[in-house]
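[1] Okay, predicted coordinates and the sequence, questions at the end:
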Amino acid sequence: MVYVTEDTFAAAAVNPFTKQTEKIRRFTLSNEEHMSVQIITLGATITSIKVPDAQGRVEDVTLGFDDLAGYQSDQNPYFGATIGRVCNRIANGKFVLDGKAVQVTCNRGEFQLHGGFVGFDKAHWEVVQILSNGVSMKHTNPDGHEGYPGEVTATTTFTLTEDNCLHVSMDAVTTKPTPVNLTNHSYFNLAGHKAGKAGLDEHLVEINAYGITETDANSIPTGNIILLDGSKFDLRVASKLGNRLKQLEPAIGYDDNFCVKFTPPEVISKVAKVVHPSSGRWMEIASNQPGVQFYTANFLPNKEVGETPVAGKQGAEYTKQGAFCLETQKFPDSVNHENFPSTILRPGDRYHHEVIYKFGKLSAK
């Protein structure tokens, strides 16, 4: 059985689109395998994923905040949020669509990141339906918002299965041609959300990819795809993350779009598997998207140089490389590279993004 309950996460929050004060609702999905997932209507955000280890000990394995102030603070690096209208980067905030130049906002210096200043992560999503095993939420993004053409209606549905699979389905339609590229930005640490870099380094990571998109100093794609064979980015065989991070030096860590390998006629491919041997927890990700951004939380505060940690839930201190993200997506800056999978959505068509997070545990020793 899967159970769905609702409570109030925050009694009063100002909607950045309507300026109305609204309640932020929270939904808890749980099953009889001791797994639970919490989602709030602010940003269609996953605030908690709790799963047992090999000894049956249940731990929260996603980073997040206890309260609304945390999610609204400048310190929030998109923890658990649904990202849109376009996730990742758009170079110079510019692209040409059907022969017309489009300028969107640049919220990170010379480029746009994760949809601009007020992305889908800051929207109050409307609950469309409470399901027997999950919840469906909707956000209508106005024509011209952050510079994008067309009104986009996006729907994100979260469902939990009895065998510890969290399904996230993201759909969108538009009134005008526009780019759409959604993702979920959960930060994971299978050792537990408080485990930090010491816990992260213990993970074994495997990514089913044939290449990465080459980038410049701002992580903007050049248009080239680098094949993985023998490179520092080849994670096709499970590798200890701490060792691989050392091999990457002087680079500060992974923040790269991996090009997922599909075997026709499959529509959904295994994207990655991550194992934390000490606890026995593992997570597999499968998706219908052609890319996945593997990010090792390099831009969380560096306590070693005196930066103040992010104050997380349950008194946690979140610091540099204390978690990882695997953000399924189409390639970054696809609007400026014809050789990348297109992100352009047109009226009458439907954007559909499916990602499955399956959790398990190794047999107890």
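    In hand now; what should we look at?

[2] And the contacts of the longest strand along the chain?
    In the chain, taking DSSP state E as the definition, the longest strand is strand 2-14. Applying CB atoms under 8 Å, 6 or more residues apart in numbering, the contact partners of strand 2-14 are 20-31, 40-42, 47, 67-68, 72, 124, 130-135, 159-162. Yep, even glycine has a C-beta here, placed from its N, CA and C like the rest.

[3] Show me what it pairs with in its sheet, parallel or antiparallel.
    When pairs are called by DSSP bridges, strand 2-14 turns out to pair with strand 21-31 (antiparallel).

[4] Show the subsequent helix or strand relative to the partner strand.
    strand 36-40 (DSSP states H and E).

[5] So what touches that next one?
    9, 24-30, 45-50, 71, 135, 137, 158, 160, 166.

[6] rewinding a little: just the buried ones from the contacts of strand 2-14?
    Burial of the contacts of strand 2-14 was assessed by neighbour count (16 or more other CB atoms under 10 Å); the buried members are 22, 24-31, 40-42, 47, 68, 72, 124, 131, 133-135, 159-161.

[7] Run through the bridge partners of the residue nearest to residue 131 when sequence neighbours are not counted.
    In space, and not counting its chain neighbours, residue 131 is closest to residue 159: 6.4 Å by CB to CB, 6 or more residues apart in numbering. Per DSSP bridges, the residues bridged to residue 159 are residue 134, residue 167.

[8] so what's residue 159 up against?
    2, 29, 131, 133, 134, 166, 167, 169 are the contacts of residue 159 under CB under 8 Å, 6+ apart.

[9] packing partners for the longest helix seen in the chain?
    When the chain is parsed with DSSP state H, its longest helix is helix 241-248. The elements that helix 241-248 packs onto, with contact taken as 3 or more CB pairs under 8 Å, 6 or more residues apart in numbering; DSSP states H and E, are helix 196-201, strand 204-207.

[10] Redo these as CSV? Include mean neighbour count.
    Formatted as CSV, the helices and strands packed on helix 241-248 follow (neighbours: other CB atoms under 10 Å):
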stretch, mean neighbour count
helix 196-201, 19
strand 204-207, 21
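
[11] where do the strands sit along the stretch 251-365 of the chain?
    255-260, 269-276, 281-287, 291-295, 310-311, 317-318, 325-329, 344-345, 351-361 (DSSP state E, counting those that start in this stretch).

[12] Give the partner strands of the first one in its sheet and their orientations.
    Just to be clear, that refers to strand 255-260. strand 209-215 (antiparallel), strand 291-295 (antiparallel).

[13] Look up phi and psi at residue 339.
    Residue 339 has phi and psi values of phi -80, psi 0 when expressed as degrees, to the nearest 10.

[14] and it, how many residues sit next to it?
    9 (other CB atoms under 10 Å).

[15] got it, and residue 250?
    With other CB under 10 Å as criterion, residue 250 counts 4.

[16] And what about it, helix, strand or coil?
    Following DSSP: H, G, I helix; E, B strand; the rest coil, residue 250 is assigned to coil.

[17] which residues touch the residue nearest to residue 102 when sequence neighbours are not counted?
    In this structure, residue 102 finds its nearest non-sequential neighbour in residue 95, 5.5 Å apart by CB to CB, 6+ apart. Residues in contact with residue 95 (CB under 8 Å, 6+ apart) are 101, 102, 179, 335, 336.

[18] Nearest to residue 280 among these?
    residue 179 (40.9 Å; CB to CB).

[19] If we ignore the residues flanking it in sequence, what's nearest that closest one?
    residue 343 (4.3 Å).

[20] For burial, what's the neighbour tally of the one you found?
    24.

[21] Could you do residue 260 as well?
    24.

[22] Could you pull up the residues touching it?
    Contacts here follow CB under 8 Å, 6+ apart; on that basis residue 260 touches 208, 209, 269, 271, 287, 289, 290, 291, 292.

[23] buried ones in the longest strand of the chain?
    In terms of neighbour count (16+ other CB under 10 Å), strand 2-14 has its buried residues at 2, 4, 9, 10, 13.

[24] so what's the first one scoring on pLDDT?
    Just to be clear, that refers to residue 2. Here, the pLDDT recorded for residue 2 equals 98.

[25] State the distance from the most centrally placed residue in the chain to residue 198.
    Nearest to the geometric centre of the chain sits residue 185, at 2.1 Å (CA atoms, centre = their mean). Between residue 185 and residue 198 the computed distance is 23 Å (CB to CB, to the nearest Å).

[26] what ranges do the helices span in the stretch 51-200 of the chain?
    For the stretch 51-200 of the chain, the helices defined by DSSP state H, counting those that start in this stretch cover 68-72, 196-201.

[27] for the longest one, the distance to its chain's centre please.
    Per CA atoms, centre = their mean, to the nearest Å, the displacement of helix 196-201 from the mean C-alpha position of its chain is 19 Å.

[28] Take that helix, keep the C-alpha atoms, and write them as PDB.
    Provided in PDB are the C-alpha atoms of helix 196-201 (Å, rounded to 0.1, in the frame of the first residue of the first chain):
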ATOM      1  CA  GLY A 196      28.800  15.900   4.200                       C
ATOM      2  CA  LYS A 197      31.800  15.300   2.000                       C
ATOM      3  CA  ALA A 198      33.100  12.400   4.000                       C
ATOM      4  CA  GLY A 199      29.900  10.500   3.300                       C
ATOM      5  CA  LEU A 200      29.800  11.700  -0.400                       C
ATOM      6  CA  ASP A 201      33.300  10.400  -1.000                       C
END
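
[29] Surely residue 263 and residue 270 touch.
    No - with contact defined as CB atoms under 8 Å, residue 263 does not reach residue 270; the gap is 9.7 Å.
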